[in-house]
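# A predicted structure for the sequence below; I have some questions about it.
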Amino acid sequence: MKDLKGKDILSAFDFDRETLEHLFTEADELRKKLSEGKIKLADGKIMATVFLEPSTRTKISFQMAMVKLGGSIIDFQPESSSLQKGESDLDTIKIIDGYSPDLIVLRQSKPYFPHSIKDKIETPIINGGDGTNEHPTQALLDLYTIWRELGRIDGLKIGIMGDLKYGRTAPSLSYMLTFFKGVKVYYISPKELRLRDEVKNKINGKIIYEEMERLEEIEDELDVLYVTRLQKERFSDPTEYERLKSSYIVTQDSLKKLKKIPIIMHPLPRVWELPEEIDSLPQAKYFEQAKNGMFVRAALIKEILGL
Amino acid sequence: MKDLKGKDILSAFDFDRETLEHLFTEADELRKKLSEGKIKLADGKIMATVFLEPSTRTKISFQMAMVKLGGSIIDFQPESSSLQKGESDLDTIKIIDGYSPDLIVLRQSKPYFPHSIKDKIETPIINGGDGTNEHPTQALLDLYTIWRELGRIDGLKIGIMGDLKYGRTAPSLSYMLTFFKGVKVYYISPKELRLRDEVKNKINGKIIYEEMERLEEIEDELDVLYVTRLQKERFSDPTEYERLKSSYIVTQDSLKKLKKIPIIMHPLPRVWELPEEIDSLPQAKYFEQAKNGMFVRAALIKEILGL
Amino acid sequence: MKDLKGKDILSAFDFDRETLEHLFTEADELRKKLSEGKIKLADGKIMATVFLEPSTRTKISFQMAMVKLGGSIIDFQPESSSLQKGESDLDTIKIIDGYSPDLIVLRQSKPYFPHSIKDKIETPIINGGDGTNEHPTQALLDLYTIWRELGRIDGLKIGIMGDLKYGRTAPSLSYMLTFFKGVKVYYISPKELRLRDEVKNKINGKIIYEEMERLEEIEDELDVLYVTRLQKERFSDPTEYERLKSSYIVTQDSLKKLKKIPIIMHPLPRVWELPEEIDSLPQAKYFEQAKNGMFVRAALIKEILGL
């Protein structure tokens, strides 16, 4: 098991199987303790949230986790900062680092940006999303949700559908699945939005996968359907987007054509790909999934701060 | 008296006379205790502020109240959230609810929005303004101010002037006045900005009222003059706003024509309807009124959290 | 020594030599204590940050300082406030003052704005920058940095370069230098951006100074080179900005032509005037300088709150 104390978390590969299982168990324990009353573990500790792109779940769940652990948060707001006067992102983060928070959660639009600055920053950094590259704590809560719902990850058949080229959740989730045995992934997307070669190179030989264009092509039984959002702005031809989007909506009808899928997940925000009619299905776990994020991020904070 | 523990506060009608009097007494007690030193009543509790429209007083006074009670706050900022990616307000609030804060204070532009979502949200919600419909905690601090200044509410003659059609403070204040005896309200507004029928239907037979177009038409003695802003953002036609605004300015001159009004109130922000020359009059209570908001909101938080 | 308890800090002249030396010593002590563990000095105290213009360092360092001292912060966000509905800055600050925070840190774009409102506000105000006029706590951390690095301020030769007309750090730093003996300042700027007469009037006869157009004109040995940004937003004519900017870049080459300067400082943000190649020089102290800001501001908070 990896000792995460004082460590950066930049990639799904910064974990391993044993560490994940430890975090999941810890998340369950914190869930229980928090329901019983307040915790003062992180009293006197400060987490800085530095989100240079919009966020709802990642930022708020980290903040709630830190406050529930008894710690404090300082939120850097880019729109009212010296970034508006032309200061670089690196200088901004060096300044925050200089004030010695105990942890920085960083979202920035450039792939590998946190990797490029980590040696200049003393505070542990959690990558809260670096453009199209990775979102390791999203994968953490994704797998924590599957682990809680199905009791295991080994041997599962997982469909990941939507924008697999520009989305950062499919890569991080895929990387994390390489730690488990006998996993099979079905990547369901338009040809134009398949996984990038860079991602395939990191999973080849570690998980079995198939690429397909439509959910209906899966003959086998899925244990998990993980839906992601198609982003209109990624298509050079908007009529192509309109033509394709209908194939990636999960409706009650499209679900009827498949064998029953035990759990349907989505990193959220969803736009049209999961209509509200799906929310009431017992398999719809995406709000539960988001909620799990707070607990497993609390567990991660606890490990990094060595509490 | 109503037990507010764990309850939503969506309307002025969620209170009753006894509950109001209890909250006012409690607000006075908290005021005294806070002046004597710090309070740890809400230690470990978290309030989420979710303001999807601008706010100064409501948001900051709730935050100050919570922090002074010893609790913590998490502020959701719409402009840097996934609302920018097309996420719905309901999904956003469901996510925040999933992280289990102890209380959500919500401002949203659609009338009855909090009513429409409350059954999907476990956390108690305080309506911090739902468009043109209501702003129940504004009415709470309005009446708390009158109660402190005049010692009673029964039998008072209250002038409410300005935009009574689009403003949300006039409806909530009117509803709350129905709990008291012998109140008479003078609604002073341009014909175009009179109370909506929906509001009148809820007060008919419960308070006596008269509608008039100019403050000078009141022959009787007023106990309270409650001025509101013509809300520019509620007008579809800006020339209508410009035409009407001049009639509803309170000046030293316009006050001289009336019998002495013991207190002049305003929910604020004021723009041009109360010139700064009025601020120094002993009757000008609007800054005191805003300040009272923090104490009575602290009392409300205490009751809802069952502290 | 001045007793700062409950006092406003609006100008560098609100300090004196003894008070500064006391604050510097206190900042060093707080630095030591904070490295040893958490501090609960400001438990139950609330600081409101009211930044009506962008800020990174001033706002975040005050917030970090307050939280590290054990206190709480309430951040007023102008872009989502009633300022958007036309409320005046004065009304806004009176409202916040009414909620009785223990301290307000205020940044506003009009020179002498905090001076103009201070008698209407009960809470102690720290001027976090009033347009082109002053930024007294920036001067505080500037001198604290020099004091730490060189062990003294008396008798130093200090070059202040860049925009001396519109920048507010040069005036505050100059005013604070008048408390010390035998200081000589070289003001290096384009003629168009020289110190305003108003500033010169306050330092004449108290420090010796020379004005020059280029760094190379200094024949004497500098103890400190303090570089500032040409503030694009202060220029009415953008072509003037483009014409002038090239003369005030500090490069390895331009440094070679000078005798070795022990420390190079900058209030930050830097844009192009200090290229990153300078950062690795041992004299480059600007990130250290920013970091010092948190400690000396913590010392100031401690004094004003009487902790």
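Now that the structure is in, tell me what you want to look at.
# what's the closest non-adjacent residue to the residue in chain A that chain B sits nearest to?
In chain A, the residue that lies nearest chain B is A:K38 (3.0 Å; CB to the nearest CB). Where you see a C-beta, it was placed from the backbone N, CA and C, and this is true even at glycine. Closest residue to A:K38 in three dimensions, ignoring its sequence neighbours and counting by CB to CB, 6 or more residues apart in numbering or on different chains: B:G44, at 3.0 Å.
# So A:I117 sits against A:L90, correct?
Yes - if you go by CB atoms under 8 Å, A:I117 and A:L90 touch, sitting 5.5 Å apart.
# Tell me the spacing between the residue of chain A closest to chain B and chain C.
16 Å (CB to the nearest CB, to the nearest Å).
# Neighbours of the residue nearest to A:K38, how many?
For B:G44, the count of nearby residues is 17 (other CB atoms under 10 Å in any protein chain shown).
# Can you pull the residues of the stretch 151-300 of chain A lying near chain B?
Contact residues (CB under 8 Å from any CB of the partner chain) of the stretch 151-300 of chain A with chain B: A:229, A:268-271, A:287-288, A:290-291, A:294.
# which pair in these spans the largest distance?
A:V271 and A:M294 (23.2 Å; CB to CB).
# if you count what's nearby, which of these two comes out ahead?
Each of A:V271 and A:M294 has its neighbours counted (other CB under 10 Å); A:M294 has more, 27 against 16.
# so the more buried one makes contact with A:Q63?
No - counting by CB under 8 Å, A:M294 does not reach A:Q63; the two are 9.4 Å apart.
# ok so, going back, wait, isn't the residue nearest to A:K38 in contact with A:G37?
Yes - counting by CB under 8 Å, B:G44 does reach A:G37; the two are 7.2 Å apart.
# Find residues that contact each of those two.
Taking CB atoms under 8 Å, 6 or more residues apart in numbering or on different chains as the contact rule, B:G44 and A:G37 have no neighbour in common.
# Nearest residue to A:E87 in space, ignoring adjacent ones along the chain?
C:P269 (3.5 Å).
# OK, contacts around the one you found?
A:82, A:85-87, A:91, C:56, C:229.
# In helices only, show me these.
Members of these lying in helices (criterion: DSSP state H): A:D91.
# What is the most widely separated pair among the contacts of C:P269?
Spatial extent of the contacts of C:P269 (CB to CB) is set by the pair C:T56 and C:R229 at 12.9 Å.
# circling back: can you tell me which of the contacts of C:P269 lies nearest to B:I263?
For the contacts of C:P269, with B:I263 as the reference and CB to CB as the criterion, the closest is C:T56, at 43.9 Å.
# which residues sit in contact with A:K38?
Neighbours of A:K38 in contact, by CB under 8 Å, 6+ apart: A:68, A:70, B:43-44.
# Can you check the residues you listed and name whichever has the most neighbours?
Highest count within those by other CB under 10 Å belongs to A:K68, 26 neighbours.
# Thought B:K45 was touching that residue, still the case?
No - using CB under 8 Å, A:K68 is not in contact with B:K45; the gap is 10.4 Å.
# okay, now the domains of chain A?
What automatic domain parsing lists as the domains of chain A is A:12-134+A:290-305, A:136-287.
# Compute the first-to-last residue distance for the first one.
Same thing as domain A:12-134+A:290-305. 19 Å (CA to CA, to the nearest Å).
# Would you format the domains of chain A as CSV with mean pLDDT included?
Output for these, formatted as CSV (pLDDT from 0 to 100):
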stretch, mean pLDDT
domain A:12-134+A:290-305, 97
domain A:136-287, 92
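# doesn't A:M64 make contact with A:F295?
No - in this structure A:F295 lies outside contact range of A:M64 using CB under 8 Å: 10.0 Å.
# So the residue positioned nearest the centre of chain A: helix, strand or coil?
Taking CA atoms, centre = their mean as the criterion, A:Q138 is the residue nearest the geometric centre of chain A, at 1.4 Å. Here A:Q138 is recorded as helix under DSSP: H, G, I helix; E, B strand; the rest coil.
# May I have the phi/psi pair for A:M161?
phi -120, psi 140 (degrees, to the nearest 10).
# Tell me the secondary structure of A:I74, please.
Of the three states, A:I74 takes strand under three-state DSSP.
# Distance of the closest residue to it other than its chain neighbours relative to B:R107?
The shortest distance from A:I74 to any non-neighbouring residue, by CB to CB, 6+ apart, is to A:A48 (4.9 Å). Applying CB to CB, to the nearest Å, the value for A:A48 to B:R107 is 27 Å.
# ditto for A:F62
24 Å.
# higher neighbour count, these two?
Neighbours per residue, other CB under 10 Å: of A:F62 and B:R107, the larger number sits with A:F62, 26 against 23.
# Looks like that one contacts A:L300 (just checking).
No - assessed by CB under 8 Å, A:F62 is found out of contact with A:L300, at 9.1 Å.
# Pull up the overlap in contacts between these two.
A:I126.
# so A:K59 is in which element?
According to DSSP states H and E, A:K59 maps onto helix A:57-68.
# Also A:V50?
Per DSSP H and E, A:V50 falls inside strand A:46-51.
# Over to A:G159?
A:G159 belongs to strand A:157-161, assigned by DSSP H and E.
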